[in-house]
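In: what's the 3D shape of this:
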Amino acid sequence: MERIDLAGDWRRVSPRYAWAELWTTAIWGVIMAAALAALLWFVVGLAWWLVALCAGGLLVLMLLSGIFGFLRVRTIGFAMRDDDLLVRRGMLYRRFVSVPYGRMQVVDITQGPVERMLDLKTLKFVTAAATSAVTIPGLPGTDAEMLRDELVAVAESRRAGL
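Out: Residues are numbered from 1 along each chain as shown. This next block holds a predicted model:
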């Protein structure tokens with residue numbers, strides 16, 4: 001098995017982010033199961049037990065997806081190097097993204113309703129390239145703000161040196 005391991009001080013996101021993923025998946029699972037049940041019951045006219053079976057199967061699939069979220073969260077990490085920020089994620093398809101400090105244009109913090117309940121935030125970095133939006137989800141509130149301020153300061157000093 002080949003691994004892409006880069007030396008450095010890798011920091012992980014909060015383990016509470018796995019719960020945010022699970023809750024978000026569960027909420028969408030209930031909404032999708034209810035919509036599927038209504039469609040099958042009122043439009044198609046299936047028997048109630050077939051409707052319940054289909055909706056239950058969808059809920060089980062969504063629950064499994066939420067459980068795999070705990071494994072996905074363990075793969076998210078970032079490292080601040082001398083010239084860039086390196087972000088990694090992914091279980092099957094691993095992704096390593098290097099964002100040079102001098103190319104950062106916007107460092108944004110977002111927070112959804114489930115993240116707000118768990119005091120987590122998502123950091124988003126935007127560069128000049130159209131496809132380069134990189135996110136680090138699941139950061140505790142104060143850590144996200146400190147990291148944003150640190151990245152903005154480093155990015156400004158790097159741009160001034162260009």
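
In: The residue positioned nearest the centre of the chain: what secondary structure?
Out: The centroid of the chain falls nearest to residue 137 when counting by CA atoms, centre = their mean (4.6 Å). Assigned with DSSP: H, G, I helix; E, B strand; the rest coil, residue 137 falls in the strand class.

In: Who's the closest spatial neighbour of it, skipping the chain neighbours?
Out: residue 122 (4.3 Å; CB to CB, 6 or more residues apart in numbering). Just so you know, the C-beta spots here come from the backbone N, C-alpha and C atoms, and that holds for glycine as well.

In: Can you name the residues bridging to that neighbour?
Out: Taking DSSP bridges as the rule, residue 122 bridges to residue 110.

In: Output the below-cut-off pLDDT ranges for this protein.
Out: 1-8, 130-132, 159-162 (pLDDT under 70).

In: can you do 80?
Out: For the chain, residues meeting the criterion pLDDT under 80 lie at 1-8, 128-133, 158-162.

In: any chance you could map the helices in it?
Out: 16-38, 48-73, 113-117, 141-160 (DSSP state H).

In: Next one: the residue nearest to the centre of the chain relative to residue 25, how far apart?
Out: In this view, residue 137 and residue 25 are 14 Å apart by CB to CB, to the nearest Å.

In: now swap in residue 148 and tell me
Out: In this view, residue 148 and residue 25 are 27 Å apart by CB to CB.
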